[in-house]
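# Here is my input; please provide its structure:
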Amino acid sequence: MLKKVLVANRGEIAVRIVRACQELGIKTVVAFSEADRDSLAVRLADEAVCIGPPPPARSYLSPPALISAAIITGCDGVHPGYGFLSENPYFAEMCTDCKLQFIGPTAETMRLMGDKVLGRQTMRAAGVPTVPGSEGELKSAEEALEIARQIGYPVLLKPSAGGGGRGMRVANDENELVRAFPMARAEAEAAFGRGDLLLEKYLVKVRHVEIQVLADSHGHAIHLGERDCSAQRRHQKILEEAPSPVVGPELRERMGRDALRGINSIGYVNAGTLEFLMDQAGNYYFIEMNTRIQVEHPVTEQVTGVDLVRWQLLIASGERLTLQQKEIRMARHAVECRINAEDPERDFLPAAGEVEFYLPPGGLGVRVDSHLYAGYTPPRNYDSLLAKIITFGESRDDALNRMRRALHECIITGIKTTIPFQLALIDDPTFRAAQHHTGYVAELLHKWKDERAAALV
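Here you go, the predicted model:
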């Protein structure tokens, strides 16, 4: 068993990892930037080490700083959380070279699945359905035009490196594709240091459905069903749920079987997520794999009763995965709302300020993962996630009704949050009927802003 783990992250996921370690009797060291000196994770950990100034490139994105922090504090493991260096194979290799157990997959696996071209080719070879598109990175706009003529419009240009929606451009015809190509390449270069692009068929009104997997180093792997992440804007998720309201037992079994076939083909170890797009006919297509814990992992934990972060630590310690596929049950429904420091009335513009008062919701069927406390000022250097509210119940309606109550009950003063819009989403008839798609939130936001503006007249 690991003895001492460096938490190479911040915010709510750092708190989540510290708590999981404490329950297993593992000592924790939180690596923090100067901006996070007063963070909750620093207060809860056994030790804390400052790794640099606020800019991520000089702290949370600095492998030497993190490795040094782990070594000088006597750690034998490093948990990267999500974001930052969590999917960086160079960092994973450095950990291994320095005799530190990286809590995640191998650098080789990470490198393979981090390359969208190789990842898609690998999954296709394993028999996992993929979206029609380019076989490799595009060499020119002319090549993009030729492929688009073959698969038909609309098409999507996307970076072969990175994620989060940056660098993605939709083209509905040849003129739009010609205009979009240099812009997408420039955005990809600025965001990820590489301007390489892929092209694939743009599926209209699709669902975003992902499969959670766990695999140990002894050849045993399971899936834990699906999450539906279709409520998103600009490829950023706002609300997630499990199970998906459009996936039944037969489809779940088929998707899970494909996911396991894919990860077994690459010898994957630890927690991971395979992301799929699903069209209105129920056809699904692999788009990418996240080789880390996901922000939305709590909804899977609440419906299956499986502690994913605990299992990450156990698997990294060499333990066998004792869970069997037949034991995994989607026993109830869970919903997660990401509470961000953003103003939805101003197109989700990041908000700043001190949290003057904080009262998280509670009661039966409510879980809150957060790093907030009264008097805390969230640093402006990082993402805007303040808290995740997770509710669960016997049915989807139960979970959503409980979420409405929890959102009303949650009090965060001194800073704008996304709660008002999430309340509107929860009560929206189209969403309640599970007829939404990945583009629906943008439509609802426009309507919601118009209604609020009219109410002020």
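# Which positions within stretch 352-371 qualify as buried?
Buried positions in stretch 352-371, judged by neighbour count with 16 or more other C-beta atoms under 10 Å: V355, Y358, P360, P361, G365, V366, R367, V368, D369, S370, H371. (C-beta placed from N, C-alpha, C; glycine too.)
# now do stretch 127-146
If you call a residue buried by 16+ other C-beta under 10 Å, then stretch 127-146 has these buried ones: V128, T130, V131, G133, S134, E137, L138, A141, E143, A144, L145.
# Also stretch 422-436?
Q422, L423, A424, L425, I426, D428, F431, H436.
# Now do the SS call for the fourth one.
The assignment at L425 comes out as helix when based on DSSP: H, G, I helix; E, B strand; the rest coil.
# Let me see the ranges of the strands in the stretch 301-450 of the chain.
Taking DSSP state E, counting those that start in this stretch as the criterion, the stretch 301-450 of the chain carries its strands at 333-340, 342-343, 349-350, 357-359, 366-370, 385-393, 411-413.
# Could you dump the buried residues of stretch 422-436 into JSON lines with pLDDT and distance to T73 added?
Formatted as JSON lines, the buried residues of stretch 422-436 follow (pLDDT from 0 to 100; distance: C-beta to C-beta, whole Å):
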{"residue": "Q422", "pLDDT": "98", "distance to T73": "39"}
{"residue": "L423", "pLDDT": "98", "distance to T73": "43"}
{"residue": "A424", "pLDDT": "97", "distance to T73": "46"}
{"residue": "L425", "pLDDT": "98", "distance to T73": "43"}
{"residue": "I426", "pLDDT": "97", "distance to T73": "43"}
{"residue": "D428", "pLDDT": "98", "distance to T73": "48"}
{"residue": "F431", "pLDDT": "98", "distance to T73": "46"}
{"residue": "H436", "pLDDT": "97", "distance to T73": "46"}
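# Which two among those residues are spaced furthest apart?
Within the buried residues of stretch 422-436, L423 and H436 form the most distant pair, 15.7 Å apart (C-beta to C-beta).
# picking up where we left off before, minimum distance to L44: which of the strands of the stretch 301-450 of the chain has it?
Closest among the strands of the stretch 301-450 of the chain, using C-beta to C-beta: strand 366-370, at 12.2 Å.
# and the closest one, which strands flank it?
Counting by DSSP bridges, the strands paired with strand 366-370 are strand 385-393 (antiparallel).
# relative to strand 333-340, how tilted is the partner strand?
160 degrees (axes from the mean of the first three to the mean of the last three C-alpha atoms, to 10 degrees).
# Any chance of the strands of the stretch 301-450 of the chain in CSV with distance to D115 and mean pLDDT as columns?
Shown next, in CSV, are the strands of the stretch 301-450 of the chain (distance: least, C-beta to C-beta, whole Å; pLDDT from 0 to 100):
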stretch, distance to D115, mean pLDDT
strand 333-340, 28, 98
strand 342-343, 31, 96
strand 349-350, 31, 94
strand 357-359, 41, 98
strand 366-370, 31, 98
strand 385-393, 27, 98
strand 411-413, 39, 98
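# So which of the ones you listed is nearest D279?
Here strand 333-340 is closest among these (C-beta to C-beta), at 23.3 Å.
# And R346, how close does it get to H79?
To H79, R346 is 35 Å away according to C-beta to C-beta, to the nearest Å.
# next one: A14
The gap separating A14 from H79 is 9 Å, by C-beta to C-beta.
# okay, and the common contacts of those two?
Shared contacts of A14 and H79 (C-beta atoms under 8 Å, 6 or more residues apart in numbering): V7.
# The two: which has the busier surroundings?
H79 (31 against 26; other C-beta atoms under 10 Å).
# Flag the shaky bits of the protein, pLDDT-wise.
Counting by pLDDT under 70, the chain shows low-confidence ranges at 162-165, 457.
# wait, isn't M183 in contact with R169?
Yes. Under the contact definition of C-beta atoms under 8 Å, M183 touches R169, with a separation of 6.4 Å.
# Looking at the two, which one has more neighbours?
Neighbours per residue, other C-beta under 10 Å: of M183 and R169, the larger number sits with R169, 21 against 12.
# would you list the strands of the stretch 301-450 of the chain in TSV and tack on distance to R111?
Below are the strands of the stretch 301-450 of the chain laid out as TSV (distance: least, C-beta to C-beta, whole Å):
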stretch	distance to R111
strand 333-340	29
strand 342-343	33
strand 349-350	32
strand 357-359	40
strand 366-370	30
strand 385-393	27
strand 411-413	40
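# right, so of those, which gets closest to V303?
strand 333-340 (5.0 Å).
# so what secondary structure elements neighbour the closest one?
Applying 3 or more C-beta pairs under 8 Å, 6 or more residues apart in numbering; DSSP states H and E, we find strand 333-340 packed against strand 236-242, helix 297-304, strand 385-393, helix 396-409, helix 419-427.
# quick one, which of these is nearest to A45?
Minimum separation from A45 across those (C-beta to C-beta) falls at strand 385-393, 19.2 Å.
# CA atoms only: put the closest one into CSV for me.
Output of strand 385-393 as CSV, limited to C-alpha atoms (Å, rounded to 0.1, in the frame of the first residue of the first chain):
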residue,chain,number,x,y,z
LEU,A,385,-15.2,25.6,-10.5
LEU,A,386,-16.4,26.3,-7.0
ALA,A,387,-18.4,23.2,-6.1
LYS,A,388,-20.2,20.2,-7.4
ILE,A,389,-23.6,19.5,-6.1
ILE,A,390,-24.7,15.9,-6.6
THR,A,391,-28.2,14.6,-5.9
PHE,A,392,-29.5,11.1,-6.2
GLY,A,393,-32.9,9.3,-5.9
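# Specify the angle between that strand and helix 419-427 in degrees.
Using the same axes, to 10 degrees: strand 385-393 against helix 419-427 is 30 degrees.
# oh, and call the first residue 250 from now on, that's how I've got it
Sure, I'll start numbering at 250, so the last one becomes strand 634-642.
# Centre of the chain to the strand or helix carrying I471, how far?
Secondary structure from DSSP states H and E places I471 in strand 470-482. Centroid separation for strand 470-482 versus its chain: 10 Å, with C-alpha atoms, centre = their mean, to the nearest Å.
# partner strands of it, parallel or antiparallel?
Pairing partners of strand 470-482, with direction, according to DSSP bridges: strand 456-464 (antiparallel), strand 485-491 (antiparallel).
# Take the ones you listed and lay them out in CSV including distance to E537.
CSV is the format used below for these (distance: least, C-beta to C-beta, whole Å):
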stretch, distance to E537
strand 456-464, 10
strand 485-491, 14
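# And the ones you listed: which comes nearest D285?
D285 sits nearest to strand 485-491 of all those, at 22.3 Å, using C-beta to C-beta.
# Buried residues in that closest one, which are they?
Of all the residues in strand 485-491, those buried under the rule 16+ other C-beta under 10 Å are K486, I487, L488, E489, E490, A491.
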